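# sequence and predicted structure, then a few things I'm wondering about:
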Amino acid sequence: MTALLYKGSEWSYDTIQRIHDAVSEIALGELGLDIYPNQIEVITTEQMLDAYAATGMPIFYHHWSFGKHYTQHEMMYRKGLMGLAYEIVINSSPCISYIMEGNSATMQTLVIAHAAFGHNHFFKNNQTFRDFTDAASILDYLKFAKSYIASCEERHGEGAVERLIDAAHALQSHGVHRSGKRRKIELGDEEARLRERRLHEAEIYNELWSTVPTPAGKGEITDQQRNALNERLGLPEENVLFFLERNAPKLASWQREVIRIVRLVGQYLYPQRMTKVMNEGAATYVHYRVMHRLHEKGMIDDGAFFEFLTSHTNVVAQPGFDHPAFSGFNPYTLGFSMMQDIERMCLKPTAEDRIWAPDIAGCGDVMGALRDIWENYRDESFIAQYLSPRLIRDMRLFAIEDDPERSTLLVKSIHDERGYRDIRRNLAKSYDISYTDAIIEVVGADLLGDRRLILEHRVVDGRLLAPGEARKVLQHVTDLWGYDVELKEVDAMKGQMLANHHARPSKAASAA
Amino acid sequence: MHIIDRRLNPGGKNLPNRQRFLRRARRIVREAVRQASSSRSIRDIDEAGVVIIPGSGIDEPSFHLGNEGFHHPVFPGNKEFVAGDRLPRPQGGAGGGGSKAGEGKSEDSYQIALSAEEFLEFFLEDLELPDLERRQVMSVETEGMRRAGYASTGSPSSLALGRTMRNSLSRRIALRRPRSNDVREADEAIAQAQAEGADETEIAELQLRRDQLLRRSKAIAWIDPIDLRYRRFEPQPKPMAQAVMFCLMDVSASMTEHMKDLAKRFYMLLYVFLKKRYKKVDIVFIRHTDEAKEVDEQTFFHGTESGGTKVSTVLHEMLRVVDDRYPAETWNIYAAQASDGDNDPRDNLEVIGLLTSDVLEKCQYYAYLEVNEPGHGSNASSLWRAYENLNLPNLAQRSVTHREDIYPIFRELFSRSENVRRRTV
C-alpha cells in the first residue's frame, strides 16, 4: 500500500510536486504519453480573469477588445453568473499550466492530470498542432509582438494602431492557410526576417521606379495580362489577411507587420478550434484514468475520489436538446464518451463494432489505439471515423433537416440502423470548419485598372453571411486595401450570384 | 517540472486594455453615466457603480454565416421522435436551426463596473469641464497643522519638555555628572569621619573628593542647549468639521422636468465639492410651493405638488431646521436655491427681509440658481431683480439653461477669489 499523497483539501508546493510525480508515473509509465516539459504556475482569480481576456496567453499585445472581454468576464464572475475554469493550459514548450490557488488538493491533482499531461500530450503529438503551431517559440514571438506593437503605438499613435488591429482582428478567422500550400512558419525567425526585409527594402529602393509610366496605360488590358497578374498575386487566395499583408498597395511596412502578427496569432489559435472535442476528450480521458489509478494504488483516499467523481460528472454533463441548459454539444462529454467507447471497442467489441470499426475492434491495446487517433485526427475526421452506433444509441442522437422552403422541420434520422451513417456524417460536418465558417477568397484585384478588390463567398446550402457584420468587416477590408472592395456571394454549386456587397474606403482610414 | 508562484506578480495586467476600452467606449459610457447619474441619489454621485452600455460601437465584427439557408443539425437526447416526423419550427434560438434572432451578438448590451474616480470623471466630463478645473474640484484644498516629530529649534511655547529632559538625563549619565545624592553622601562621610575623630589626612582626602564632585556638577549643565527639543508641526490637508447643504427648490407647476434635472446636477456638483472639503456633509431637502416642507430626496425630485409660489416659506422652513438641528456655530451652512423665479411679487419683500436679517448671516454661502427652459429667453424675473439689488458678498445668483452651463456657473460661484463671486451674468 502506497502512502496517501495528501489528506484533506490543503496543499503546498511539496504536495504539488508529489502529485505531479505520482501522476507522471501513471501518465508516462502506464499510459505511455509523450509530453513537453511541464511548468505549473499558481495564479489568483484576478490573474485568471486576465488570462481569459488575452485568449489565455501570458504575454499579449494591448487592445481595447481584451479590456472589453475582461470587463465582461469580471462582471459575470462577480455576479456569480460564471465560474472560472480550474486551469488554463498553453500550447508552448515548456507547456505552461495555470492552476488556481483556490483549488483543493484533489482539484489540483485532477487539473494536473488533465492539463499538464492530457492536453500537453495532445499539443505535442496531434498533427494539426504540429502543422500549424510552433510551441517552442510562441512565447518569444508573443513577447516580440507585444513590444513591436507597443513601439508602433509610440511612433504612429495609439489611434492608428488601434484602427489597424481592429481591421485585422475582424479578418483573423480568414487569416489561415487552411489547405494545400501549408507553410509552417518558424516563429523564432520572425524577428530576424523583419530586420532582413527592412534592409532589403532600403537596398533596392530607387525613387526612379515611381516615375516609370505604366506601359498599358493607354491601350486595353488583355485577358492574358490579367491572368498573368492574378497568377503572380497567387489568386484565388483564401487567406485574405495574408493577401492584404502582401499586396495591399497603400500599407506601410509597419502596418504589414502588425497584420502579420495578428495573422500568425490567429494561425496559432486555429488548431484549437479544429480539435476542441478531441483535445478535451483526450484530456478528460487521461484525468479519468489517472484518478482511478491513483485511487487503486491507494494514493488518494475515498473522500478525494468522491470529490473527483462529483466534479468530473459536472464536467461531462450533457443536457438533452429540450433542456433549458442545452447549448449545443458539450465537447467534454462528446470527446470523453468517444474515448471511452473506443476503449470498450478495443477490449470488448461486439459484432457491430467489428463492422463499424474493424481497425481497432478487439485489438486489445487501448492506449496504442488512442495515441494513434490523438495523433492523426481532428474533430471532423475523428467523429466521421469513430462515432459508433452504440454511442449514437447511448446519447440518443437524432438529425434534423431544416429546409427554409418548408414551414416545418423534418426528423431525418434517429438512432436506428438506417440513421447511423446520416447522423455520423452530419455531426462530423458540424465540426468541419470549412463548412461552419464562411469560405471567402480573394478572386480578383484589378491592379492595372481601378484597383478594385473582389472577394467571393462561396455559398453552401444557401447560407449567406450575416449581412450587418459582413458590411462592417468589408469596411475594414476596404480600409486596409485602400480602394473599393466588392464581396460577391456566389452559390458554390450553381455559380449564381446571391448577394453583393460593396464598400468604399472611409475618410478616417485614408487620412491615416 | 517547475512550479512557479505567480500570485505575487503585480496585478493590473489588464489595465492598459481597460483604459483603451474605456477610451474607445468613452462617448457611450458618458451617455450611460449621464443616465445613471440622473437616477442616482445625490449622495451616491461619487461612488463606484455599474452602468449599462449598448453593444453597438464596441462590437467586433467578423465574417460569419447567418441563420438563413439549409441546415441539418444533430442533437442529443431524443425521446419520442422517429425518422420522418415533422416538427414545428421552434421560436427563439433554443434547439432550432431556423430561428432568425437578429444578428446575434451585435444587439447585446454590456455592463461596465466603474470605480468611484472613473464615475466622477465621466460625470464631470459630461458637464464639459476642462482637465485643469476638474482637478481642482477633485482635490482637497483646506489645510491644517499636524504634529510631525521633533525639531531642535522652535518657539519656546512648543518646547517638548519630556523629550528635552530625556536628552538631558542621558547626557548627564553619559558625562557622569554627579547626582545631588553623591554630594550629600560625601558631606555625610566627612561629618561622620569628623565625628569619629579620624585623622586629618583622611578627612582632607574626603573633602577633596567632595570638592571634585561639586566642581564636576557645576561644569556639566543640568540642561544644555543641545538637549532642547521642540514639537514640530507641518501643514496637512484637513477636512473642516462638518457642513450641511440645504437644497431648496420650487416645485410649483411651472418647474419642468428639465429644470429639475438642471437643479439636480447643480446639487450633485455642490455635494461633490462639499464632500471634498468637509468630513461630514448633511443634506436637507426642502421644497416649496406656497408652503414649504422638508422631504426626502425621492420626494424632492419626483414628488408632484401644485400650488402657488411663495419663496419666503422655504426660508422660514430652513431657519426652523437650522435652529433645530444645525446651529450655525458648529455647522458650515450652505444653501442652494433653485427656482424659475416666478414668485408672488408681494412675497419678495419678506424674502429680502429674511435673507438680510437672518439667513445670510448664518450661511457660509447662499446660491440662487435660476433655471430656464431652452428656447425661452431668460428675462430677469422678479425674484432675480430682488436678489440683484441686495449686493451681499455671500449671496450669488446665476441663470442656467443648458446642462453644459452648469459647471462653469458652479465654478464661478465657488471660485476662491472674492471678486468673481459677485459678478452676475
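Structure received. All figures in this text were calculated on a predicted structure; none of them were measured in a lab. Numbering: from 1, shown residues only, chains lettered A, B, ... in the order given.

# is it true that A:Ile96 touches A:Glu87?
No: the criterion here is C-beta atoms under 8 Å, and A:Ile96 misses it with A:Glu87 at 10.3 Å. Every residue, glycine included, has its C-beta placed from N, CA and C.

# hmm, stretch A:141-156 touching chain B?
No: Stretch A:141-156 does not reach chain B (C-beta under 8 Å from any C-beta of the partner chain); its nearest approach is 9.3 Å.

# just the CA coordinates for that stretch, please, in PDB.
Output in PDB follows, covering the C-alpha atoms of stretch A:141-156 (Å, rounded to 0.1, in the frame of the first residue of the first chain):
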ATOM      1  CA  TYR A 141       7.200  35.500 -30.500                       C
ATOM      2  CA  LEU A 142       4.400  37.000 -28.400                       C
ATOM      3  CA  LYS A 143       7.000  39.000 -26.500                       C
ATOM      4  CA  PHE A 144       8.300  40.300 -29.800                       C
ATOM      5  CA  ALA A 145       4.800  41.100 -30.900                       C
ATOM      6  CA  LYS A 146       3.900  42.900 -27.800                       C
ATOM      7  CA  SER A 147       7.000  45.100 -27.900                       C
ATOM      8  CA  TYR A 148       6.700  45.700 -31.600                       C
ATOM      9  CA  ILE A 149       3.100  46.800 -31.400                       C
ATOM     10  CA  ALA A 150       3.900  49.000 -28.400                       C
ATOM     11  CA  SER A 151       6.700  50.600 -30.400                       C
ATOM     12  CA  CYS A 152       4.300  51.200 -33.300                       C
ATOM     13  CA  GLU A 153       1.900  52.900 -30.900                       C
ATOM     14  CA  GLU A 154       4.600  55.100 -29.800                       C
ATOM     15  CA  ARG A 155       5.700  56.000 -33.300                       C
ATOM     16  CA  HIS A 156       2.400  56.200 -35.100                       C
END
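
# what are the boundaries of the strands in the chain?
I'll assume chain A. A:38-43, A:87-90, A:95-100, A:398-401, A:408-413, A:440-445, A:453-459, A:485-491, A:497-503 (DSSP state E).

# chain B, not that one
B:2-5, B:49-54, B:74-75, B:86-88, B:109-114, B:143-151, B:230-237, B:240-250, B:278-288, B:292-295, B:332-339, B:365-371, B:395-400.

# can you redo the ones you listed as a markdown table with mean neighbour count, distance to A:Ile439 and mean pLDDT?
Shown next, in a markdown table, are these (neighbours: other C-beta atoms under 10 Å in any protein chain shown; distance: least, C-beta to C-beta, whole Å; pLDDT from 0 to 100):
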| stretch | mean neighbour count | distance to A:Ile439 | mean pLDDT |
| --- | --- | --- | --- |
| strand B:2-5 | 13 | 43 | 86 |
| strand B:49-54 | 17 | 32 | 73 |
| strand B:74-75 | 24 | 22 | 90 |
| strand B:86-88 | 11 | 30 | 87 |
| strand B:109-114 | 18 | 31 | 74 |
| strand B:143-151 | 12 | 70 | 81 |
| strand B:230-237 | 14 | 65 | 82 |
| strand B:240-250 | 21 | 64 | 77 |
| strand B:278-288 | 19 | 64 | 80 |
| strand B:292-295 | 18 | 66 | 85 |
| strand B:332-339 | 24 | 64 | 84 |
| strand B:365-371 | 23 | 61 | 82 |
| strand B:395-400 | 21 | 60 | 80 |
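
# and stretch A:493-510, how far out from the chain middle?
Relative to the mean C-alpha coordinate of its chain, stretch A:493-510 is positioned 27 Å out (C-alpha atoms, centre = their mean, to the nearest Å).

# now do stretch A:292-302
Distance of stretch A:292-302 from its chain centroid, counting by C-alpha atoms, centre = their mean, is 35 Å.

# OK, now which residue of the stretch 51-200 of chain B is nearest to chain A?
Chain A sits closest to B:Gly77 of the stretch 51-200 of chain B, with a gap of 2.4 Å, by C-beta to the nearest C-beta.

# identify the residues contacting the residue lying closest to A:Glu469 once chain neighbours are set aside.
Counting by C-beta to C-beta, 6 or more residues apart in numbering or on different chains, the nearest residue to A:Glu469 once its immediate chain neighbours are dropped is B:Pro61, at 4.1 Å. The contact partners of B:Pro61, by C-beta atoms under 8 Å, 6 or more residues apart in numbering or on different chains, come to A:Ala170, A:Gly468, A:Glu469, A:Ala470, A:Lys472, A:Val473, A:His476, B:Ser106.

# recalculate using a threshold of 7 Å.
A:Ala170, A:Glu469, A:Lys472, A:Val473 (C-beta atoms under 7 Å, 6 or more residues apart in numbering or on different chains).
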